[in-house]
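Novice: Give me a 3D structure for the following:
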Amino acid sequence: MFERRNIKRIYLNITGKTKDFLLSDKSREFFVFLFFFFIAGGFWLLQTLNNDYEAEFSIPVRLRGVPNNTMITSEPASELRIKVKDKGTVLLNYMKFGKSFYPVTLDFSDYKGTDNHVRVYASQFEKKILSQLNVSTRLLSMKPDTLEYIYATGMSKLVPVKLSGTVSAGRQYYLSDTVFKPDSVLAYAPEGVLDTITAAYTQQVKLENISDTLRQQVSLLTLRGVKFVPASIEMMLPVDIYTEKTVEVPLHGVNFPADKVLRAFPSKVQVTFQVGLSRFRQITADDFHINVSYEELLRLGSDKYTVKLKNVPEGVNQVRFNPEQVDFLIEQISPSL
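Specialist: Residues are numbered from 1 along each chain as shown. Reported below is the predicted structural model:
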């Protein structure tokens, strides 16, 4: 309560003094002084900006129209630094109001070099800079005064796109595939280099706990002296949710002599597995094969066989058998008359 009274008293004291000052003769003198001060400052600023000054600006450089079978092994400078001279008002327009300079564009087909080394001198692109400056502006210097680049022409071949990195799905989910669009790209390189390229790998990718189908643009890993077209591809990671399914699969004897046959007890086993919901109906008992070879049974030395699959269908995981072992006997049969 005491603090509130103090704050209120201080506030009333300050506002009272401020009101008294604004209504006094001194305040009128103060505002008149400010008015003439700003007027004088404005005249001084206009006079100052009317003088000539020097300033530096940067202009982007772009190289376009490079053929697909051409690799730029040494890029031109990314920007030009120009020094200009003009009145302060003009330079202020360049700086303060953000006058944007258009890039100096070099068309690959317009310039020829010796031994694939191209030099573009200032006299060849100076007009592109002057056209962006005011008539009154003087161009004093440019750095660099020569734009140069080196290129190499190579052969091409189609190579597959491959993933570089790791991707993993969240719990109860799985990645059914990794799809690239396009799945192959053209690789351009000198013949000796091109022979060593077997695939175009993506930039390093690390994705974890994915729970929904993902699409994203991925750049291809750059290699010195090699150009991939296109330089980036779309990667799609289809994600599916796991579900469980059980089927009955019979045991088949293989490589048995004509007078012998396999008798297994039971003759069928239950195969339980995890599969994506989208493939639940597609995977049937016919996709599983439990083949028991005659030679393998002879080597066992017992009458129990541990059930196993030679191949697991694509997209199937966590396979279990019930029972895990079966009893068997090799039965001698009489030849048919």
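
Novice: From now on I want contacts and neighbour counts done on CA atoms only, so please keep to that.
Specialist: Will do.

Novice: Alpha carbons of stretch 218-228, in PDB - could you do that?
Specialist: The C-alpha trace of stretch 218-228 is given here as PDB (Å, rounded to 0.1, in the frame of the first residue of the first chain):
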ATOM      1  CA  VAL A 218      17.500 -34.300 -52.900                       C
ATOM      2  CA  SER A 219      20.600 -33.000 -54.600                       C
ATOM      3  CA  LEU A 220      23.100 -35.500 -56.100                       C
ATOM      4  CA  LEU A 221      26.600 -35.700 -54.700                       C
ATOM      5  CA  THR A 222      28.900 -33.600 -56.800                       C
ATOM      6  CA  LEU A 223      32.100 -35.100 -58.200                       C
ATOM      7  CA  ARG A 224      35.100 -33.200 -59.500                       C
ATOM      8  CA  GLY A 225      35.000 -33.100 -63.300                       C
ATOM      9  CA  VAL A 226      31.600 -34.800 -63.500                       C
ATOM     10  CA  LYS A 227      28.200 -33.300 -64.300                       C
ATOM     11  CA  PHE A 228      24.900 -35.000 -63.500                       C
END
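
Novice: Downstream of the longest strand along the chain, the next helix or strand is which one?
Specialist: When the chain is parsed with DSSP state E, its longest strand is strand 239-254. Sequence order places strand 260-265 as the next helix or strand after strand 239-254, per DSSP states H and E.

Novice: Which elements pack onto that following strand?
Specialist: The elements that strand 260-265 packs onto, with contact taken as 3 or more Cα pairs under 8 Å, 6 or more residues apart in numbering; DSSP states H and E, are strand 239-254, strand 325-332.

Novice: Let me see the contact set for Ile129.
Specialist: Val104 (Cα atoms under 8 Å, 6 or more residues apart in numbering).

Novice: quick one, helices of the stretch 51-200 of the chain?
Specialist: 88-95, 122-130, 191-194 (DSSP state H, counting those that start in this stretch).

Novice: ok, how many other residues are close to the residue nearest to Thr137 when sequence neighbours are not counted?
Specialist: Excluding the flanking residues, the one nearest Thr137 by Cα to Cα, 6 or more residues apart in numbering is Asp86, at 5.0 Å. Residues contacting Asp86 under the criterion other Cα atoms under 10 Å number 21.

Novice: in the sheet, who's paired with Asp86?
Specialist: Going by DSSP bridges, Asp86 is paired in beta bridges with Tyr53.

Novice: and the gap between it and Pro76?
Specialist: 29 Å (Cα to Cα, to the nearest Å).

Novice: which stretches of the protein aren't confidently modelled?
Specialist: Scanning the chain for pLDDT under 70 picks out 1-38, 40-50, 73, 96-100, 335-337.

Novice: Give me whichever of the helices and strands packed on strand 260-265 is most buried.
Specialist: Greatest average neighbour count among the helices and strands packed on strand 260-265 goes to strand 239-254 (a mean of 18), per mean count of other Cα atoms under 10 Å.

Novice: can you give me how far it is from the chain middle?
Specialist: Offset of strand 239-254 from its chain centre (Cα atoms, centre = their mean, to the nearest Å): 38 Å.

Novice: can you check stretch 136-156 too?
Specialist: With Cα atoms, centre = their mean, you get 30 Å for stretch 136-156.

Novice: For it, measure first residue to last.
Specialist: 51 Å.

Novice: In the sheet, which strands lie alongside the longest strand of the chain, parallel or antiparallel?
Specialist: strand 173-175 (antiparallel), strand 268-276 (antiparallel), strand 290-293 (parallel).

Novice: Any chance of those in a markdown table with mean neighbour count and distance to Thr198 as columns?
Specialist: Output for the strands paired with strand 239-254, formatted as a markdown table (neighbours: other Cα atoms under 10 Å; distance: least, Cα to Cα, whole Å):
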| stretch | mean neighbour count | distance to Thr198 |
| --- | --- | --- |
| strand 173-175 | 21 | 25 |
| strand 268-276 | 19 | 32 |
| strand 290-293 | 17 | 38 |
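
Novice: quick revisit: export the helices and strands packed on strand 260-265 to a markdown table and tack on distance to Ala187?
Specialist: Output for those, formatted as a markdown table (distance: least, Cα to Cα, whole Å):
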| stretch | distance to Ala187 |
| --- | --- |
| strand 239-254 | 30 |
| strand 325-332 | 53 |
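
Novice: So which of those strands is nearest Pro190?
Specialist: strand 239-254 (39.7 Å; Cα to Cα).

Novice: now the angle from that closest one to strand 260-265?
Specialist: Calculated by axes from the mean of the first three to the mean of the last three Cα atoms, to 10 degrees, strand 239-254 forms an angle of 130 degrees with strand 260-265.

Novice: then strand 239-254 to CSV, C-alphas only?
Specialist: C-alpha atoms of strand 239-254 as CSV (Å, rounded to 0.1, in the frame of the first residue of the first chain):
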residue,chain,number,x,y,z
VAL,A,239,5.9,-46.0,-45.4
ASP,A,240,3.5,-48.8,-44.4
ILE,A,241,2.2,-50.0,-41.0
TYR,A,242,3.0,-53.5,-39.9
THR,A,243,0.2,-56.1,-39.3
GLU,A,244,0.5,-59.8,-38.5
LYS,A,245,-0.8,-62.7,-40.5
THR,A,246,-0.7,-66.5,-40.2
VAL,A,247,-0.8,-69.1,-43.0
GLU,A,248,-0.4,-72.9,-43.1
VAL,A,249,2.4,-74.1,-45.3
PRO,A,250,3.1,-77.8,-46.1
LEU,A,251,6.5,-79.4,-46.0
HIS,A,252,7.9,-80.7,-49.3
GLY,A,253,10.6,-83.3,-49.7
VAL,A,254,13.1,-82.6,-52.4
